[in-house]
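In: take a look and give me a structure for this.
(chains A and B)
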Amino acid sequence: MKRLVYLLPLAVFLGVAGYFAAQLLSGRDAMEVPSALIDRPAPEFALPPLWDGGEGLSTADLKGGGPAIVNVFASWCVPCRAEHPMLMRLAEETGAPVHGIAYKDDPAASKAFLEELGDPYTKIGVDQNGRVAIDWGVYGVPETYVLDGDGRIRYKRTGPITPRHMEDDILPLLEELRS
Amino acid sequence: MIAEIGHFALALAAAVALIQSVLPMWGAARRDAAMMATAAPAALVQFGVLGVSFAALTYAYLTSDFSVVNVINNSHSLKPILYKISGVWGNHEGSLLLWVLVLALFGALVAVFGRNLPPSLKARTLSVQALITLGFLTFMLFTSNPFERAFPPPLEGGDLNPLLQDPGLAFHPPMLYVGYVGLSIVFSFAVAALIEGKVDAAWARWVRPWTLLAWIFLTAGIALGSWWAYYELGWGGFWYWDPVENASFMPWLAATALLHSAIVVEKRDTLKSWTILLAIIAFGLSLIGTFLVRSGVLTSVHAFATDPDRGLYILLLLVIAIGGSLALYAWRAPALKGGGMFRPISREGALVLNNLLLSAAAATVFIGTLYPLFLEVLTGDKISVGPPYFNLTFAPIMGVLVVALGIGAMMPWKRGDLPGVMRRLTAASVFTAAATAAIALFYAGDNALALLGLAFAVWLFAATMTQLWARVRPTTRVSVADAIRRLPGLPRAAWGMTTAHLGVAVLVAGVTGASLMTVETIASGKPGDRFPVGDYVFQLDRVEQVAGPNYRAERGTFTVFDADTGEEITTLAGERRRYVAGGQETTEAGIRSDFGGDLYAVLGQPADDGGWTVRLYREPLVPWIWFGSTLLVIGGFLSLSDRRLRVGAPVRTGSTSGGGGDAAKARADAAAQPAAHPAE
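Out: I've put the predicted structure just below:
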């Protein structure tokens, strides 16, 4: 009986270690915070265009068509550079429009960024003071949203899109929204 | 080339660690003196080789060698030299290198200063220490090589996170590591003692200085981190109960308990198995903290680059190190013989209460930190546990601890007399009541909780001074003049204890002021606008652009006036910095401190109407937090310098074979103490 007391610390520790293992092996990312906007309509907004003579981005652009992707980016954001090839792939392969929100960035720098790497975006809205991004619940760039044909947000990713997010989340969701 | 030398040194260190973990342990089992004697030189070589490796990485940072991936990701050629150096440990790989360097440092210190340890205990301790080092070295070599090369090398690096470019934070990680990695050597001593099957007063005397050393650095490291959060994050708080803060705080609570229980083992030869368990838990909590920070299982503001594969490896290390030692504990601890008996009302009893309360506090923090994880595993729900939980659970435990500390420190060993002790504390009680009444009248009368916190602080101050006085004037037969003359003659350990306990009193006052009495104003305005903050008025004078070495900033200058007299008190400058390389923004609060507290001003985001958001605070008693922490550290050093510990540990005897002389004497001393008090 007395021996059991001495086994108690080991038992408690193994229990805690079991939880650690369960969380690690679940593949969940603890840094991912579910957005309160999931399954809600995209916020009302209208942003001026980046390119001279181009079109800006507003809520109306996200409704009525098929599914769409909105990506928040900035030229000063290193992970945006890292995820850029994924966005090019999305724009080419899926046919769904990829829209951009240039977040807290000098328009000239945004333009230089896209001229250097290529422009995956159908429409780009300039959010220079970051006010619209607040309504979208942006708390770190890059962020990517997938919207359905009715303009409701169905998926959000904070941080760069990796091939894993493409294959596991974004592409299947686009497929589902189309059908 | 230099980077390759560093990498090679890391591999060599792993080989040395392997030898150091096997040979001495085997030698101790076979009682082979030659094999046991390999431990000390191996520990020194280990430290030297890792020193070379660390120097190589530091060199790569100093010369901005952008062919090394780690330097690219965390440095920038424009960065001031201090932050080039601190960049070495401001990232996952480099901080692990610092981890193993500190592990090896403590091994080397035991090799040098532990000459009079019994050879088998020394061999086993160093062997366990090398096992831990080996675990971390293989982790680095397989998953986190700090010397990885990049080809082609870029022209410029990505810069160190600017929040970390701060003098407070440059020294915070090394301090913290010396602290919680330092607990490793106490862990190694505990495991070695379990293998030997012998824990006695001499063992406690050898272990205590190491615990104390680790505890001092842990205290300083936590205080520096808190100070940094206070002035750099710009939210006026000093502690956020963030998982990473908790990860350093839990080992601190356990180490504080261990410091006190080791006294009981040393003086009274009892509480052995509990002390061993605490030594394992203190380092175990450090390891769990490392795991939480680096595996990404919990959300925290202090994110290292996290990676599930790394997480699994550290978890494996955890299970081997903590699980293994707790299994050894379950097997060997029941055989440890308890020593002297004691009554519940006694110094021992008071120290047991101290241990129970500190352990309960650590458990509270542990549960609060991990509850979100448990819930997510079970239900998939995301929640976060914040200050309301900790204030409700942790604060009352600390309140009881502070009240009990005032009484417990007066208790004699073995058998105490509570009414007698309370009689001697009459003056302290009266003083506390009077001071509390004065505080209620003139300072914090409208805030009952703050009044309670300040009353606790006054009580602890008064009781600690009474205890110091009772040491030099045990009876009224000693004249006051004689008593004062006796003060300098008190052992350093007594001064250390008094200083540290006074530090707790000051800290309690500071924490009470900062948590319960802060006045905050968040507003938006233009230059010329005035904002009332409690008894003060802040005026935003101007906002201007300034340039730093690697950032540009907007600096807001504020003038602070007394709200009643209109007298100008000071000017404060708060900055919002934007770093050139990464584009991140940080805030630098403008702070003025005096005895009564801080005035604190932060310039926020520009508003649409051409004005700025400003956050302004009056933070009463915040400097007391830093002063109290300093007293804790000074108390620790005083206690560490006590003659008893120096005699007990590192004095070399004349003959080379006589290393066990002091140890034998210490054992004899311990045996000469009354072994048991008859139970009544």
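
In: can you give me how far the lowest-mean-pLDDT helix or strand in chain A is from the chain middle?
Out: The helix or strand with the lowest mean pLDDT-type score in chain A, counting by mean pLDDT, DSSP states H and E, is helix A:163-165 (a mean of 81). The chain centroid and the centroid of helix A:163-165 are separated by 12 Å under C-alpha atoms, centre = their mean, to the nearest Å.

In: mind listing what's buried along it?
Out: A:His165 (16 or more other C-beta atoms under 10 Å in any protein chain shown). The C-beta positions use only the backbone N, C-alpha and C, and glycine is treated the same way.

In: that helix close to chain B?
Out: No: remark: helix A:163-165 sits outside contact range of chain B, by C-beta under 8 Å from any C-beta of the partner chain, the gap being at least 11.6 Å.

In: what ranges do the strands span in chain A?
Out: Counting by DSSP state E, one finds strands in chain A at the ranges A:46-47, A:57-58, A:68-73, A:98-103, A:124-127, A:143-147, A:153-158.

In: ok, back up a step: which other residues reach the least confident helix or strand of chain A?
Out: Residues outside helix A:163-165 that contact it (C-beta atoms under 8 Å, 6 or more residues apart in numbering or on different chains): A:Met86, A:Arg157.

In: ok, now stretch B:574-582?
Out: Contacts of stretch B:574-582 (C-beta under 8 Å, 6+ apart): A:76, A:78, B:76, B:78, B:156-159, B:161-162, B:165, B:234, B:546, B:548, B:550-556, B:558, B:584-590, B:601-605, B:614.

In: residue in chain A with the shortest distance to chain B?
Out: The minimum distance from chain A to chain B, using C-beta to the nearest C-beta, falls at A:Trp76 (3.2 Å).

In: need phi/psi at that residue.
Out: Backbone geometry at A:Trp76, expressed as degrees, to the nearest 10, gives phi -80, psi 0.

In: on that earlier part again, got a quick PyMOL command for the buried subset of the contacts of stretch B:574-582?
Out: Applying 16+ other C-beta under 10 Å to the contacts of stretch B:574-582, the buried members can be selected in PyMOL as follows:
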select buried, (chain A and resi 76+78) or (chain B and resi 76+78+157+158+159+161+162+165+234+548+550+551+553+554+555+556+558+585+586+587+588+589+590+601+602+603+604+614)
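
In: could you check how far the residue of chain A closest to chain B is from A:Gly130?
Out: 13 Å (C-beta to C-beta, to the nearest Å).

In: joint contacts of the two?
Out: With C-beta under 8 Å, 6+ apart, A:Trp76 and A:Gly130 have no common neighbours.

In: what is the burial count for B:Tyr61?
Out: 25 (other C-beta atoms under 10 Å in any protein chain shown).

In: that one in helix, strand or coil?
Out: helix (DSSP: H, G, I helix; E, B strand; the rest coil).

In: list the residues that contact it.
Out: B:Tyr61 makes contacts with B:Val71, B:Ser75, B:Lys84, B:Ile85, B:Gly87, B:Val88, as judged by C-beta under 8 Å, 6+ apart.

In: in the strand or helix carrying B:Ile132, which residues are buried?
Out: Using DSSP states H and E, B:Ile132 falls within helix B:119-143. Neighbour-count burial for helix B:119-143 flags B:119-137, B:139-140, B:143 (criterion: 16+ other C-beta under 10 Å).

In: which strands or helices does it pack on?
Out: If contacts are counted by 3 or more C-beta pairs under 8 Å, 6 or more residues apart in numbering or on different chains; DSSP states H and E, helix B:119-143 sits against helix B:2-30, helix B:33-36, helix B:39-62, helix B:92-113, helix B:167-196, helix B:308-318.

In: what's the top helix by length along chain A in contact with?
Out: The single longest helix within chain A, with elements called by DSSP state H, is helix A:2-25. Under the contact criterion C-beta under 8 Å, 6+ apart, helix A:2-25 has outside partners A:30, B:273, B:277, B:280-281, B:284, B:288, B:291, B:295, B:297, B:308, B:311-312, B:315, B:318-319, B:322-323, B:326-327, B:329-330, B:333-334, B:370, B:373-374, B:376-377.

In: and if you look at stretch A:72-79?
Out: A:80, A:100-106, A:109-110, A:112-113, A:133, A:136, A:138, A:141-144, A:159-160, B:158, B:582-583.

In: and for stretch B:80-99?
Out: B:10, B:50, B:53-54, B:57-58, B:61-62, B:64, B:70-71, B:73-75, B:79, B:136, B:139-140, B:144-146, B:160-161, B:164-165, B:167, B:169-171, B:173-174, B:177, B:181, B:290, B:294, B:304-305, B:310, B:549-550.

In: all helices of the stretch 251-400 of chain B, in order?
Out: Counting by DSSP state H, counting those that start in this stretch, the stretch 251-400 of chain B has helices at residues B:272-295, B:308-318, B:324-332, B:347-379, B:387-408.

In: in terms of mean pLDDT, which of these ranks lowest?
Out: Among the helices of the stretch 251-400 of chain B, helix B:308-318 has the lowest mean pLDDT, at a mean of 83.

In: close to chain A, is it?
Out: Yes: Helix B:308-318 is in contact with chain A by C-beta under 8 Å from any C-beta, via B:Pro308, B:Gly311, B:Leu312, B:Leu315, B:Leu318.

In: not counting sequence-adjacent ones, nearest residue to the second one?
Out: Spelled out, it's B:Gly311. B:Ser295 (2.8 Å; C-beta to C-beta, 6 or more residues apart in numbering or on different chains).

In: can I assume that neighbour is in contact with B:Leu316?
Out: No: B:Ser295 is beyond contact range of B:Leu316, at 11.3 Å (criterion: C-beta atoms under 8 Å).

In: give me the more crowded residue out of those two.
Out: When B:Ser295 is set against B:Leu316 and neighbours are counted by other C-beta under 10 Å, the residue ahead is B:Ser295, at 24 against 14.

In: just the helices in the stretch 501-650 of chain B please.
Out: So, for the stretch 501-650 of chain B - with DSSP H, counting those that start in this stretch - the helices run B:622-640, B:643-648.

In: contacts for the longest one next, please.
Out: The one in question is helix B:622-640. B:209, B:212-213, B:215-216, B:219-220, B:222-223, B:226-227, B:230, B:238, B:492-493, B:495-511, B:513-514, B:593-595, B:597-598, B:645.

In: filter these to the buried ones?
Out: Neighbour-count burial (16+ other C-beta under 10 Å) is assigned, among the contacts of helix B:622-640, to B:209, B:212-213, B:215-216, B:219-220, B:222-223, B:226-227, B:230, B:238, B:492-493, B:495-511, B:513-514, B:597-598, B:645.

In: could you measure from the residue nearest the centre of chain A over to A:Gly53?
Out: Among the residues of chain A, the one closest to the centroid is A:Thr144, at 2.1 Å (C-alpha atoms, centre = their mean). In this structure, A:Thr144 and A:Gly53 are 27 Å apart, going by C-beta to C-beta.

In: ok, A:Leu177 next?
Out: From A:Leu177 to A:Gly53 the distance is 31 Å (C-beta to C-beta).
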